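[1] Turn this into a model:
(chains A, B, C and D)
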Protein chains: 2
Amino acid sequence: MALSKNPNSITLVDVARVSGVSLKTASRVLNQEVSVRRATATKVRNVMSSLGYRPNELARGLKARRSATIGMIVKNLADPFTSNAVKAVEEVARANGYIVILASSGWDPEVERSGVESLIRRQIDGLIISPIGSPKSSFVDIVPPGLNVVTLDQPIRNAPFDSVMIDNRKSAKTATQHLLNHGHKKIVALSTRSQLYTSTERIAGYRDAMNKAGLEVRTGLVEDESSMTADWLDQLISKQHQADALFCMNWVCTMSALRGMRQIGKRLKKDLAFLSFDDFDLADMMKPSISAVRQPSNIFGYEAAQLLFARIRGNVAPKRRSIVLPTQLVLRESCGCELKG
Amino acid sequence: MALSKNPNSITLVDVARVSGVSLKTASRVLNQEVSVRRATATKVRNVMSSLGYRPNELARGLKARRSATIGMIVKNLADPFTSNAVKAVEEVARANGYIVILASSGWDPEVERSGVESLIRRQIDGLIISPIGSPKSSFVDIVPPGLNVVTLDQPIRNAPFDSVMIDNRKSAKTATQHLLNHGHKKIVALSTRSQLYTSTERIAGYRDAMNKAGLEVRTGLVEDESSMTADWLDQLISKQHQADALFCMNWVCTMSALRGMRQIGKRLKKDLAFLSFDDFDLADMMKPSISAVRQPSNIFGYEAAQLLFARIRGNVAPKRRSIVLPTQLVLRESCGCELKG
DNA sequence: GTGAAAGCGCTAACAA
DNA sequence: TTGTTAGCGCTTTCAC
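    Okay, the predicted model is just below:
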C-alpha cells in the first residue's frame, strides 16, 4: 500500500493512518504528551519504528517556532583555545537536545555580520559569539528581540548580552609582576590586533605593572601576525630595547615569537625571559619549558553554553549576567623559575 | 498599520502586501528569478530592506526540500587535525551558501549513530563524517537514499560513499624504512585504538617494512591513551624490547609518549629515536625537533567539502570517488637526521 | 483521551 | 511578466 506521495519519506500522516489514530494523536505520542492512553501510545510508537519514521525538524520548528538549534560564531577554529571551547559548547548542546551550527568569521567583520544574519534566518534559538570586537564590527542591530546571545572571550559594548570572560588586565598585570620579581626590567610586550578588547586590556595590565614599578613601557604591536618577522623581532628586541624579557599577549603571537627568536639566535631564558598569554600543548615539553597564563578554554565553552540554555529555558532573571573565569599563571622555566625534579 | 500577527517577524506576505504585488512575485524576487520586471523587483527589494524582512530558512527548506545545510561529524574536536579539517569544510560550505551543523562523537558509536540520526531529521543536504569505524559503528543503515555522504580519514566498508584519505599503510612503511636506514633495528610501534582502520593500516605498513628487513615486529597497542602511562611505557620500551626507536601512530599517542619518555628519563634521539604519525605545531621547536608524517588536515577538509558539493550540485558521475592525499615525511632531528643550520 | 480544521512561511504548479 | 491555489510536515486551537 502506498504511503505518502513523497518518494522516500514517511510522514506523521502515514504513521497516524497505519496506526488508525488521528494525526494529532500521533503528534502527541511524538511529543511525549501525557494525555494519551498507554496502549495507544505504544501502538503508535511501534508503527513509528516499524515504518522507520523520522520526524522532520524543519516542519516541527516552523510551527513550534523553535529550531532546537543554537548558533556559534568564532574567529579562528585553528586556535586551540577556540576549538576546545567549541567542543564544550557542542557537548552541552547535545546534552540539552540541541545541535550547533558553527560559523567562523576569520577576523572579518563583514563575515561575522553576515554569519549572524545567516544564523538568524535559520531560526536559531540561541547564539554564542566570540566577537571580533572591532569598531566596525556591529551585529547588535540585527539581533532580533527574542534571541538569547552570550558573548565569549570579550564583551560587546552597550549590549545586554550575558558574557563569559577572564580578567585580562589583572591576569596580564600579575604575570608582568612575576617577570619583574625575577629581576627583569626591560620587558617588551608583544601583541597582534592591538586595537581589540582583549589586546588592549592585556597591554593595559602590563602597563599597570610597569608603571607601578617605575619602569619604561615597551611594546611591539602589529596588526597581523604576518608582520611579525624575525627581522622585525630582532630590531624590536635587540636594537630598540635591549630587552631582557618578552611577554607575548596571545597564542599566535607566541607561536610567531618562538620561531622568530630561534631564527635570530636568541635563547629563551638564557638571553631573554619569556612568558606567553595562553597556554598550549607541549609548553611543558619545550626546552626551556614555557611559562604561561592559562585560560580554561573548555570551561569557557561550558559556562557560555550553560548561560545560554538557562536563558532558553527561561529560568533566569532578566538581569545581564557576566561570568569572569579565573586564569592560572603556570610557572615553568622560561620566565626564570627553576623547576624541581 | 499592523503587519503579520506574529509578534516580531516580517513575513513574505507582509512584503508582498506593502509592495502591492502577489506573494509569488515577492517570492520570485527573493529567489532572484529572472522573470520579474526590473522595476517590480527593485520595488520589492526596497520594501524588503525597509521592513527589515528576513526569510525564514526553515519554511523555505520545508517546501523546497533542501535546507542549505550540511552536517559534519568528527571524533574529537580538540585534535588539531580535526579542527583544521572542520575549518576548511566551513569555509567551502560558506562559499557555497551553505552552513555547517557540527557534531562530535567522542569515539562513542552510540553517539555517532544518534548524531547522524539527528542531522538527518534536520534535513541536511549532505554529510561529511570522520567515522569511528569500529565494528559496532554502523550508521550506514540509517542514511536515507538521497543523502550524499563523504567520509574523511577512513572509509566505510561496503558503503558507496565518496572518501578522502591518505595511504596510511604506505606512509607508515616509508617512515619505518627511514628509521631503518638510520640503522635502528628494535623499532617499537605504538598505537591507540588498535582495532580501527587507520591504526591497523599504519601498523601494517610498519610490519611491511620490518618484515622486509627481516626484523622483529614490536608493537605496543592500547585501547585508550589513558592506559599509556609512563610505567607501561618503561616496561614496554626498556624491559620488553630494549628499543632503539619509537614510532607513534597518531597524535594522542605522540603526546602521551613524549610526556611519558620524559618521566622515565629517556632522551629523544640520544637514547631513543622518535617518529610521529601526525605533525603538530611546534614539532620543529622541540629539542630535539620531532620528525613526523604530516597529513594535510586543511586539504582534507577542503577536498571532502568539494566532493560533497559536487554531488549536491549533481554534476558528477554516480561512480564512487575516492581521493587519496599525499603525506609528507617531515625529517627533523628526532629520527636521527642532522639538521643543517 | 481523542479528533477536525487551520495555518506556520514559504515554493511549486498551473493559469492568466 | 504576474497571480491563484495548493500544500510541504508538523503543531495548535478548540471541539467532542
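[2] Please name the spatially closest residue to residue A:147 (chain neighbours excluded).
    residue A:127 (6.3 Å; C-beta to C-beta, 6 or more residues apart in numbering or on different chains). From N, CA and C alone the C-beta is placed, and that goes for glycine too.
[3] any idea which element the one you found lies in?
    strand A:126-129 (DSSP states H and E).
[4] Also residue A:24?
    Remark: residue A:24 resides in helix A:23-30, with elements defined by DSSP H and E.
[5] Which strands or helices does that helix pack on?
    Under the contact criterion of 3 or more C-beta pairs under 8 Å, 6 or more residues apart in numbering or on different chains; DSSP states H and E, helix A:23-30 touches helix A:12-19, helix A:38-51.
[6] Recalculate using a threshold of 10 Å.
    Contacts defined by 3 or more C-beta pairs under 10 Å, 6 or more residues apart in numbering or on different chains; DSSP states H and E place helix A:23-30 against helix A:12-19, helix A:38-51, helix A:57-64.
[7] just to revisit the earlier point, tell me the bridge partners for the residue nearest to residue A:147.
    The residues paired with residue A:127 through beta bridges, assigned by DSSP bridges, are residue A:71, residue A:149.
[8] Report how many residues lie close to it.
    The number of residues packed around residue A:127, counting by other C-beta atoms under 10 Å in any protein chain shown, is 24.
[9] One more: residue A:65?
    Other residues within reach of residue A:65, judged by other C-beta under 10 Å, total 13.
[10] again with the one 5 residues further on
    The tally of other residues near residue A:70 (other C-beta under 10 Å) stands at 26.
[11] ok, the nearest residue to it once chain neighbours are set aside to DNA strand D distance?
    Ranked by C-beta to C-beta, 6+ apart and with sequence neighbours excluded, the top spatial neighbour of residue A:70 is residue A:126, at 4.3 Å. In this structure, residue A:126 and DNA strand D are 18 Å apart, going by C-beta to the nearest atom of the strand, to the nearest Å.
[12] do residue A:231 as well
    From residue A:231 over to DNA strand D (counting by C-beta to the nearest atom of the strand), the distance is 61 Å.
[13] quick one: the helix or strand that residue falls within near chain B?
    Using DSSP H and E, residue A:231 sits in helix A:230-234. No: taking C-beta under 10 Å from any C-beta of the partner chain as the criterion, helix A:230-234 and chain B are apart, separated by no less than 13.0 Å.
[14] how is chain A carved up into domains?
    What automatic domain parsing lists as the domains of chain A is A:7-55, A:69-166+A:297-326, A:168-294.
[15] With mean pLDDT and distance to residue A:335 as added columns, please give those domains in CSV.
    Formatted as CSV, the entries for those read as follows, by pLDDT from 0 to 100; distance: least, C-beta to C-beta, whole Å:
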stretch, mean pLDDT, distance to residue A:335
domain A:7-55, 92, 56
domain A:69-166+A:297-326, 93, 19
domain A:168-294, 95, 4
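[16] Could you say which one of the ones you listed comes nearest to DNA strand C?
    Set against DNA strand C and scored by C-beta to the nearest atom of the strand, the domains of chain A come closest in domain A:7-55, at 3.3 Å.
[17] Check the offset of the helix holding residue A:24 from the chain's centre.
    Averaging C-alpha coordinates over helix A:23-30 and over its chain gives two centres that are 39 Å apart (C-alpha atoms, centre = their mean, to the nearest Å).
[18] before we move on, back to that, what pairs with the following helix or strand past the helix holding residue A:231, parallel or antiparallel?
    The helix or strand immediately downstream of helix A:230-234 is strand A:245-248, counting by DSSP H and E. Applying DSSP bridges to the sheet, strand A:245-248 is found paired with strand A:187-192 (parallel), strand A:273-277 (parallel).
[19] most tightly surrounded among the ones you listed?
    The highest mean neighbour count among those belongs to strand A:273-277 (a mean of 28), with neighbours defined as mean count of other C-beta atoms under 10 Å in any protein chain shown.
[20] Show me what the helix or strand that that one is followed by packs onto, helices and strands only.
    The first helix or strand that comes after strand A:273-277 along the chain, using DSSP H and E, is strand A:291-294. The helices and strands touching strand A:291-294, judged by 3+ C-beta pairs under 10 Å, 6+ apart, are helix A:168-181, strand A:245-248, strand A:273-277, strand A:328-330.
[21] List, one by one, the residues from the stretch 201-341 of chain A near chain B.
    Taking C-beta under 10 Å from any C-beta as the criterion, the stretch 201-341 of chain A approaches chain B at residues A:251, A:254-255, A:258-259, A:261-263, A:280-288, A:290, A:297-298, A:341.
[22] would you list the domains of chain A in a markdown table and tack on distance to residue B:214?
    Rendered in a markdown table, the data for the domains of chain A read as follows (distance: least, C-beta to C-beta, whole Å):
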| stretch | distance to residue B:214 |
| --- | --- |
| domain A:7-55 | 55 |
| domain A:69-166+A:297-326 | 43 |
| domain A:168-294 | 35 |
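[23] what about the residue nearest to residue A:70, neighbour count?
    For residue A:126, which is what you asked about, the neighbour count (other C-beta under 10 Å) is 23.
[24] What separation is there between it and chain B?
    Residue A:126 is 14 Å from chain B, where distance means C-beta to the nearest C-beta, to the nearest Å.
[25] was I right about that residue contacting residue A:150?
    Yes: A contact is recorded between residue A:126 and residue A:150 when judged using C-beta atoms under 10 Å, the distance being 7.5 Å.
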